[in-house]
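> Fold the following and give me the result.
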Amino acid sequence: MAERSPWPYPRWVAHRGAGKLAPENTLAAFRFGASHGYRMFECDAKLSADGVVFLMHDATLERTTNGHGIGGQQAWSALSQLDAGGWHSRAFAGEPLPTLENLARFCRANELLLNIEIKPTPGTERETGEVVAREAARLWQGAAVPPLLTSFQVDALKGAQAVAPELPRGLLLDTLWNGWLDTALSLGCHAIVCNHALWDAATVAQVHGAGLRSLSYTVNDEWAAQRLIDLGTDGIITDRVDLFSPAG
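Numbering: from 1, shown residues only. Below is the predicted model of the structure:
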């Protein structure tokens, strides 16, 4: 069995800040999650057309802003003017899209930890991995605990590995495709982050035996969380910051 590297992250991770209780990937959401006692968060990071790392899940702007079109094809000067809160509720109207730098300042000032999912606009996988990792290394320079970089996109993780090999990486999986573990090991990953339904005792043992950690997304039911705890997994990403105590 391979020896696992130290793991400084807590079990519970708040998805996109505070799940569905606040507009995802906004500073308002991370403040909301922190107010519920969460000390670690997951966010989605991509590039604007002029290379600014900002937070948004979708490739297109329509679902979570009042903008239109592909976010990665627009300059930050335009993206920064969008309303990223009004779609959620009137209470959050006017909430802007944050940059990764905005979130880094909040996390470091409040001693919060972060999982940055590299979410490239299609066709920019390698570049996005490189730029996000380079920016994360700069923003967390000297931090006691670095951010965890994850992605479904192998090329994005290759880019991150090339420019900031010291930052821990994790491979995201929605299926256990052929060669997933060998790929993760070749990328120098510290973790596998799976759809929670994919974990069973054999897969957890396989991952732990390779020296990696086992994390799950997105876990919103008590029975599912208890199953993962019983399996001995290492991390649970949830929308339900109002249901699960991060001390559990």
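
> wait, isn't residue 237 in contact with residue 16?
No. Between residue 237 and residue 16 there is no contact under C-beta atoms under 8 Å: 9.3 Å. Every C-beta, even on glycine, is put in place using the N, C-alpha and C of the backbone.

> Could you give me the buried positions within the strand ranked longest in the chain?
The single longest strand within the chain, with elements called by DSSP state E, is strand 40-47. If you call a residue buried by 16 or more other C-beta atoms under 10 Å, then strand 40-47 has these buried ones: 40, 41, 42, 43, 44, 45, 46, 47.

> Then stretch 214-231?
Of the residues in stretch 214-231, 214, 215, 216, 217, 218, 219, 220, 224, 225, 227, 228, 231 count as buried by neighbour count, 16+ other C-beta under 10 Å.

> Now the two most distant members of the residues you listed.
The distance between the two most remote of the buried residues of stretch 214-231 (C-beta to C-beta) is 18.4 Å, for 214 and 220.

> thinking again about what came up before, direction included, what does the longest strand of the chain pair against?
Here strand 40-47 has these sheet partners by DSSP bridges: strand 12-15 (parallel), strand 53-55 (antiparallel), strand 113-118 (parallel).

> Using PDB, write out every CA atom in the longest one.
It refers to strand 113-118. The C-alpha trace of strand 113-118 is given here as PDB (Å, rounded to 0.1, in the frame of the first residue of the first chain):
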ATOM      1  CA  LEU A 113      -9.600  26.700   2.800                       C
ATOM      2  CA  LEU A 114     -10.600  26.200  -0.800                       C
ATOM      3  CA  ASN A 115     -11.100  23.600  -3.500                       C
ATOM      4  CA  ILE A 116     -10.800  25.300  -6.900                       C
ATOM      5  CA  GLU A 117     -12.400  23.300  -9.600                       C
ATOM      6  CA  ILE A 118     -10.800  24.300 -12.900                       C
END
